[in-house]
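Trainee: What follows is a predicted protein model with its sequence.
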Amino acid sequence: MKKGDLLEGIVTRVDYPGKGIVETQEGICVVKNVLPGQRVSLRVTKKRRGKAEGTLQEVLEKSPVERTAPCPHFGACGGCIYLNLPEKEESALKCSQVHSLLEDSMQKAAQLSGIGAEEYNDILAPDNWFEGILTSPKTFEYRNKMEFTFGDAWKDGPLALGMHKRGSFYDIVTVDGCRLTDPDFSLILRTVLEYFQETPLDALLVRQETESCLDTGEPQEVINSLNSDAKQETETSLDTGGPQMQRVPFYHRLRHTGYLRHLLVRRAAFTGEILIDLVTTTQMKLDLSGLVEKLVSLQGQTETGRLSPVVSGETDTAAEKRSSTGTISQSAAEGGTDIVPEHRSLAQDVPHLNGKI
């Protein structure tokens, strides 16, 4: 076996974190994104010290327990790796992985402590005390908090909002219909994404000529310059072909430019109220009242009908950092509550500090 070889083999087990052990005629190779029982083809990418690693090329035969994943984004999205296993088999696989991790840790602890094999087998061995893992009572729609990332679907591709693509640090998969959350989360994701896809940047830029920006302390001419630079940056991240509508840019991790970072959606466990938090940079000053109106208009379309939209920026303003409350939230979240008195006080002060009122 050498680097570059194309091999076939059977996945005998999958160790944590998702490392499949594939037995081939040439030896053992570790491959990710596989299931026990699959027959796969792989390409060897690394071979050193008797250990080989490879990448999955094709699943030649499915595992006997494999099923069709109930999510349209499975395989592309990097969020779930065992969704094509029934719940019982997934639980058994994870239980085996946890047991293996515990056994390895206990054996190392025994060696460091000078504990002999007999004492280890009688006391420390996980078989003596490990009781397995507990499964969630809900198979789907059990997450009450999700952080969706803004980015492009591929390099210089269309704006996307969702989870990172499997095996990619930059590409984003729009996960409308994700089975981890209830339909309300997808409704909110669609609304926010469509707003920024359809609304031109020019329609949102805030332009003032004489006043200073109180939240940064910089003259307004500097802010206008930042807005102009950010607007120009969008020209490099749009689809090609024909006239282009300049859109609000997402934050680019390599260039450190852009505006949109994350969309945080959280449902309160006791009240059912949904908090929507749009996290941005402060490289631009945009009027997002239209987005707030769209989110508020979703009242009645959700299961609870209670939404609290918030827009917050990563600023140097101490009060905004401490309160984590956006400057437009007071007008948007009339039904929102905050049980921490200091947060309520700071939330009322933030608009004044930022010159909004």
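Mentor: Yes, it's here. A quick note: this is a predicted structure, and the numbers were derived from the prediction, not measured. Residues are numbered from 1 along each chain as shown.
Trainee: is it true that Lys294 lies in a helix?
Mentor: Yes: assessed with DSSP: H, G, I helix; E, B strand; the rest coil, Lys294 lies in a helix.
Trainee: Run a quick neighbour tally on it.
Mentor: Neighbours of Lys294 under the rule other C-beta atoms under 10 Å: 17. (Each C-beta comes from the backbone N, C-alpha and C, glycine too.)
Trainee: roughly how far apart are it and Pro70?
Mentor: From Lys294 across to Pro70, the span is 30 Å (C-beta to C-beta, to the nearest Å).
Trainee: tell me the centre residue of this protein?
Mentor: The chain has Met163 as the residue nearest its centroid, 4.3 Å off, counting by C-alpha atoms, centre = their mean.
Trainee: I'd like the mean pLDDT over stretch 64-84, please.
Mentor: Averaged across stretch 64-84, pLDDT comes to 93.
Trainee: What helices and strands are in contact with the lengthiest helix in the chain?
Mentor: For the chain, the longest helix by residue count, based on DSSP state H, is helix 87-113. When contacts are defined as 3 or more C-beta pairs under 8 Å, 6 or more residues apart in numbering; DSSP states H and E, helix 87-113 sits against strand 6-15.
Trainee: List the strands paired with the strand it packs on, with their directions.
Mentor: Strand pairing for strand 6-15, using DSSP bridges, gives strand 19-24 (antiparallel), strand 39-48 (antiparallel).
Trainee: Show me what that strand is in contact with.
Mentor: 1, 20-26, 29, 31, 34-44, 54, 57, 60, 63, 93, 96-97, 100 (C-beta atoms under 8 Å, 6 or more residues apart in numbering).
Trainee: show me where the stretch 51-200 of the chain has helices.
Mentor: Ranges of helices within the stretch 51-200 of the chain are 87-113, 117-119, 183-198, based on DSSP state H, counting those that start in this stretch.
Trainee: Pick the most deeply packed of the ones you listed.
Mentor: Among these, helix 183-198 has the highest mean neighbour count (mean count of other C-beta atoms under 10 Å), at a mean of 18.
Trainee: Which elements pack onto that helix?
Mentor: Secondary-structure packing of helix 183-198 (3+ C-beta pairs under 8 Å, 6+ apart): strand 145-152, strand 159-164, strand 260-267, strand 274-280, helix 289-296.
Trainee: where does the protein have low pLDDT?
Mentor: Scanning the chain for pLDDT under 70 picks out the ranges 207-245, 304-305, 310-357.
Trainee: care to break it down by domain?
Mentor: What the TED database lists as the domains of the chain is 5-61, 67-135, 145-205+246-314.
Trainee: and the longest one, how far from the chain's centre?
Mentor: The chain centroid and the centroid of domain 145-205+246-314 are separated by 11 Å, computed with C-alpha atoms, centre = their mean, to the nearest Å.
Trainee: what do you get for the shortest one?
Mentor: Between the centre of domain 5-61 and the centre of its chain there are 27 Å (C-alpha atoms, centre = their mean).
Trainee: What is the neighbour count of Val31?
Mentor: When neighbours are counted by other C-beta under 10 Å, Val31 registers 27.
Trainee: and it, which of the three is it?
Mentor: Classified using three-state DSSP, Val31 is strand.
Trainee: Give the residue farthest from the middle of the protein.
Mentor: Largest separation from the mean C-alpha position in the chain: Glu118, at 46.0 Å (C-alpha atoms, centre = their mean).
Trainee: Quick check: the gap between Cys80 and Val175.
Mentor: Distance of Cys80 to Val175, computed by C-beta to C-beta: 10 Å.
Trainee: Who has more neighbours out of those two?
Mentor: Shown here are Cys80 and Val175; by other C-beta under 10 Å, Val175 has more neighbours (24 against 18).
Trainee: which residues does the more buried one contact?
Mentor: 73, 77, 79, 148, 162-163, 186, 189.
Trainee: If we use 7 Å, what do you get?
Mentor: With contact set as C-beta atoms under 7 Å, 6 or more residues apart in numbering, Val175 has these partners: 73, 77, 162-163.
Trainee: same deal with Glu23?
Mentor: Applying C-beta under 7 Å, 6+ apart, we find Glu23 in contact with 9-10, 12.
Trainee: got a list of what Val31 touches?
Mentor: 20, 22, 40, 42, 54-56.
Trainee: circling back to that earlier point, what's the separation between the residue farthest from the centre of the chain and Lys108?
Mentor: Here the criterion is C-beta to C-beta. By it, Glu118 lies 18 Å from Lys108.
Trainee: Asp184 now?
Mentor: In terms of C-beta to C-beta, Asp184 sits 46 Å off from Lys108.
Trainee: Look up the residues forming beta bridges with the residue nearest to the centre of the chain.
Mentor: Met163 has these beta-bridge partners by DSSP bridges: Val173.
Trainee: ok so, going back, mind checking which of the contacts of Glu23 are buried?
Mentor: Buried members of the contacts of Glu23, counted by 16 or more other C-beta atoms under 10 Å: 9-10.
Trainee: Return the set of residues that bridge with Leu264.
Mentor: Note on Leu264: beta-bridge partners by DSSP bridges are Glu147, Asp277.
Trainee: and it, how many neighbours does it have?
Mentor: For Leu264, the neighbour count with other C-beta under 10 Å is 16.
Trainee: From what I see, Val192 and Leu263 are in contact.
Mentor: Yes: judged on C-beta atoms under 7 Å, Val192 makes contact with Leu263 at a distance of 5.6 Å.
Trainee: shared neighbours, the two?
Mentor: Here Val192 and Leu263 share the contacting residues Leu161, scored by C-beta under 7 Å, 6+ apart.
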